[in-house]
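In: Show me how the following folds:
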Amino acid sequence: MNIFQQEDTFGSGVYGKRDVAIVRGQGTTVWDENGRPYLDCAAGIGVANVGHCHPLVVAAITAQANQLITCQEMFYNDQRSQFMARLAAVLPGDLDRVYLCNSGTEAVEAAIKFARLSTGRPGVVAAMRGFHGRTLGALSATHKKEYRQPFEPLVSHFSHVPFGNIDRLDAAITEETAALILEIIQGEGGVRLADPTYFQEASRLCRERGALLIIDEVQTGYGRTGKLFACEQYNLVPDLICLGKAMAGGLPMAAVGIGPRVQNLAPGLHGSTFGGNPLACAAGTAVLDIFQQTDLATRAATLGEQFRQQVEALNLPLVREVRGLGLLVGIELRQRAMPYVQALMAEGIIALTAGSTVIRLLPPLTITSDELDRVVAALEKVLTAEERSTTREQLPA
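Out: Numbers count the residues shown, from 1 in each chain. Predicted structure coming up:
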C-alpha cells in the first residue's frame, strides 16, 4: 500500500484529507512525495512560525535527544527550568508562573480548571464564533455547533456572548463567573477582530466582579500578529494566557502563563505525563532564541500590512473583506472558500479556511516579500477564474 492507502486504511477517519502527502519541509516550503514544492501558508495551522526545520531548533532537538528525552515533573530538570525562566521573562505584565503541557486544548483545559479552583465558582463565559479546542472543557467554551452537538451534553455552566459586545458581556459576568475566555483574534471563527476598548472593558469587568480573564493565544501567540503576544497590541494583561502551536518549532508543546490572582494551585491538582519534557523544552528555548535574534514579530507586522494592502488593491469583486493583524490574514469571499483553497493548492500555495467563506493565511514569519508576491499573484488568478466564480453557490451580500 502507498502513503494514501495506508492512512486511509489505518487512520481513525476523523480528519478531512487533501490528496497530497507532505514528506519534507525547509523554511517556508514543503515538498510532497513526488518532489513538488508548495509555499506553506498554513504552517501546520500556525505551528511553523520560525519556518520548517529551523537549523537552531534541529540542533537543539538533536543535542537533547542524545542527552535525555523524557523526565516527568516529579523531578527537576535543567532544560525545563531554563525554558520556564525564559518564558516567564517574556510573558505579559505580572504573569510569572508557567504550567507546561502538550497542546492548545490542554492549555485551555488547565486554565479553566485553575480558574474554577482559584475562584471557587463554576461559570465560564466565552464568545460566539470562538474556538478553544476539542476536549470536553475546551469544547464547552468553543461555540461552533458542528463541533459541539455530537458530544453533548458538554460541561455545565458555560455560556456564550457576541464577540465585541460590551453590553452583553456586562450582563453575562456575575458573581458565579469563574472566568471569561477570549481570543484576541478569532482565528477559526473567521479571522475576526474586536475593538481594543472591548478587551479593556472585559478586563475591568473581570476584576470588579472577581472573575479571571483567560486569553487564548494558542494561534495568535509567538509573533503571529506583530507582537510576541497579541494581547500586547492592546496593553492587556490577562490572569491566564494559553499558548501552544508555535512554541517549540514543530514539536508538541503548550503552556499556561499564570498571574498573581490565580491562587490555590497545589501538588496533585493537575498534571501531564509529557508536559515539560526536556526535548520540547530544548526546542522551546531555541525558538525564544530565534525571536530574540531576529525580531520576527516586527517582521510579521510589516509584511502583514503590506500583504493586506496588496490584496485589497486587487479590488476583486469576489472579495468581501480583507482583515487580520500581522501575518494572520483572513480573506472573506462572497462564495464558499474551499474551492479557492483547493485552487491555490494547485498553484503551489497551501492555505486554510476559517468558516465557510474565509480563506485563512498563516505563513511562517520568515516568509519573504517575493514569496508574498507569489501568494498575491496566485490569489488574483484563482479569485478571478470565471468557471469558479460563476458556478459556485452564491451567498447573500
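
In: where does the stretch 151-300 of the chain have low pLDDT?
Out: Along the stretch 151-300 of the chain, no part satisfies pLDDT under 70.

In: now the strands: where do they sit in it?
Out: Applying DSSP state E, counting those that start in this stretch to the stretch 151-300 of the chain gives strands spanning 158-161, 177-183, 185-186, 192-193, 212-216, 240-243, 254-258.

In: I'd like to know how many residues surround residue 256.
Out: Look at residue 256: counted by other Cβ atoms under 10 Å, it has 27 neighbours. In this view, the C-beta of every residue, glycine as well, is placed from N, C-alpha and C.

In: May I see the buried residues of stretch 27-40?
Out: 27-30, 38-40 (16 or more other Cβ atoms under 10 Å).

In: can you check stretch 138-149 too?
Out: 138-143, 148.

In: now stretch 219-236
Out: Per 16+ other Cβ under 10 Å, stretch 219-236 contains these buried residues: 219-234, 236.

In: For residue 122, find the nearest of the strands of the stretch 151-300 of the chain.
Out: strand 177-183 (6.4 Å; Cβ to Cβ).

In: quick one: contacts for the residue nearest the centre of the chain?
Out: The residue lying closest to the centre of the chain (Cα atoms, centre = their mean) is residue 219, at 1.3 Å. Listed by Cβ atoms under 8 Å, 6 or more residues apart in numbering, the contact partners of residue 219 are 45-46, 104, 183, 185, 187-188, 245, 328, 362.

In: and what of residue 185?
Out: Residue 185 neighbours (Cβ under 8 Å, 6+ apart): 191-193, 219-220, 225, 230, 324-325, 328.

In: want to try CSV for the residues you listed, with distance to residue 356 as columns?
Out: As requested, the contacts of residue 185 are exported to CSV (distance: Cβ to Cβ, whole Å):
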residue, distance to residue 356
191, 13
192, 14
193, 19
219, 19
220, 22
225, 24
230, 24
324, 18
325, 22
328, 19
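
In: and of the residues you listed, the nearest to residue 254?
Out: For those, the nearest to residue 254 is residue 219 (11.7 Å; Cβ to Cβ).

In: quick one, phi/psi of the closest one?
Out: phi -90, psi -30 (degrees, to the nearest 10).

In: Would you mind measuring from it to residue 369?
Out: 24 Å (Cβ to Cβ, to the nearest Å).

In: Could you do residue 226 as well?
Out: To residue 369, residue 226 is 16 Å away according to Cβ to Cβ.
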